[in-house]
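Asker: Prediction below, plus the sequence it came from.
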Amino acid sequence: MARVSPADVVNVPPPVEPGGDGRSGGGAARRAGITGIVVACASIVMLFAALTSAMIVRRGLGGDWQSLGVPGILWLNTAVLLASSVMIERARRALRLGRRESFNYLWLAGTALGLLFLAGQYASWRQLAAAGIYLATNPSSSFFYLFTVAHALHLGGGLLALLYIAVCAWRLRLGPGRRTAVDVAALYWHFMDGLWIYLLLLFRFWG
């Protein structure tokens with residue numbers, strides 16, 4: 001039987017924690033990333049909850065509230081954002097199965113649809129402006145612009161993360177250490193999707 005020297009024991013690499021990046025503390029980094037995005041989403045929920053409360057209170061203060069409703073283009077934008085979220089989730093599952101090429105195309109498609117959604121939001125603001133509805137036209141339009149712009153800004157941050165991952169994937173630099181970033185970005189993107197559905201319903205029934 002071969003003898004094991006102390007030097008051999010010292011040089012044995014540490015075990016890789018599942019889901020980690022191959023380095024010590026990879027699992028801790030993953031947990032920190034997930035915790036961080038959950039905290040960020042919670043703070044965004046608090047922000048929009050405060051804005052919703054302010055909207056409901058303002059709506060009941062006087063008779064100057066003129067319901068804006070939901071511009072028709074927003075339904076198309078919603079379908080685009082939902083499709084984007086589906087592509088991102090399919091990409092994440094493809095990565096888990098080791099289908100890297102499928103991941104690249106699906107993730108890129110989801111990112112492109114996210115960009116299309118932002119373009120659609122800009123088009124909706126242009127449509128309202130063309131109809132003479134601006135930020136200060138009435139309280140309903142003020143809150144509509146406030147909510148949609150705030151959502152677009154937060155979604156833009158997620159879009160930057162999607163673009164970063166897409167570039168890493170196409171440059172073949174999407175190692176295990178960046179798979180946590182994939183999960184975190186996907187979680188945030190799905191959250192922004194759900195937040196948009198909430199805003200759409202809010203303006204459908206309260207705007």
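Answerer: Great, that's in hand.

Asker: In stretch 112-122, which residues are buried?
Answerer: 113-114, 116-118, 120-121 (16 or more other CB atoms under 10 Å). Just so you know, the C-beta spots here come from the backbone N, C-alpha and C atoms, and that holds for glycine as well.

Asker: Now do the same for residue 66: its pLDDT.
Answerer: Looking at residue 66, its pLDDT reads 85.

Asker: tell me the SS of it?
Answerer: coil (DSSP: H, G, I helix; E, B strand; the rest coil).

Asker: Next, the contact list for it, please.
Answerer: For residue 66, the contacting residues are 138-141, by CB atoms under 8 Å, 6 or more residues apart in numbering.

Asker: try 7 Å this time
Answerer: Applying CB atoms under 7 Å, 6 or more residues apart in numbering to residue 66 gives the contacts 138, 140.

Asker: Mean pLDDT per helix and strand in the protein: which one sits at the bottom?
Answerer: Least confident helix or strand, the chain: helix 6-10 with a mean of 40, by mean pLDDT, DSSP states H and E.

Asker: Just the buried residues of the helix or strand that it is followed by, please?
Answerer: The helix or strand immediately downstream of helix 6-10 is helix 26-59, counting by DSSP states H and E. Neighbour-count burial for helix 26-59 flags 26, 29-30, 33, 37, 41, 44, 48, 51-52, 55 (criterion: 16+ other CB under 10 Å).

Asker: Ramachandran angles for the residue nearest in space to the middle of the chain?
Answerer: For the chain, residue 189 is the residue whose C-alpha lies nearest the centre (CA atoms, centre = their mean; 2.1 Å). In terms of degrees, to the nearest 10, the main-chain angles of residue 189 are phi -70, psi -40.

Asker: any idea how far residue 91 is from it?
Answerer: Going from residue 189 to residue 91 by CB to CB, to the nearest Å gives 11 Å.

Asker: The residue nearest to the centre of the chain contacts residue 85, doesn't it?
Answerer: Yes - assessed by CB atoms under 7 Å, residue 189 is found in contact with residue 85 at 6.1 Å.

Asker: ok, residue 77 - how many residues close by?
Answerer: Other residues near residue 77 come to 22 when the count uses other CB atoms under 10 Å.

Asker: ok, now the one 10 residues further on?
Answerer: When neighbours are counted by other CB under 10 Å, residue 87 registers 21.

Asker: Identify the residues contacting it.
Answerer: Residue 87 neighbours (CB under 7 Å, 6+ apart): 106, 109-110, 113.

Asker: returning to that earlier point: what pLDDT does the model give the residue nearest to the centre of the chain?
Answerer: 97.

Asker: need the contact list for it.
Answerer: 85, 88, 158, 162.

Asker: Just these: which are in strands?
Answerer: Here DSSP state E is the test, and those give no hits in strands at all.
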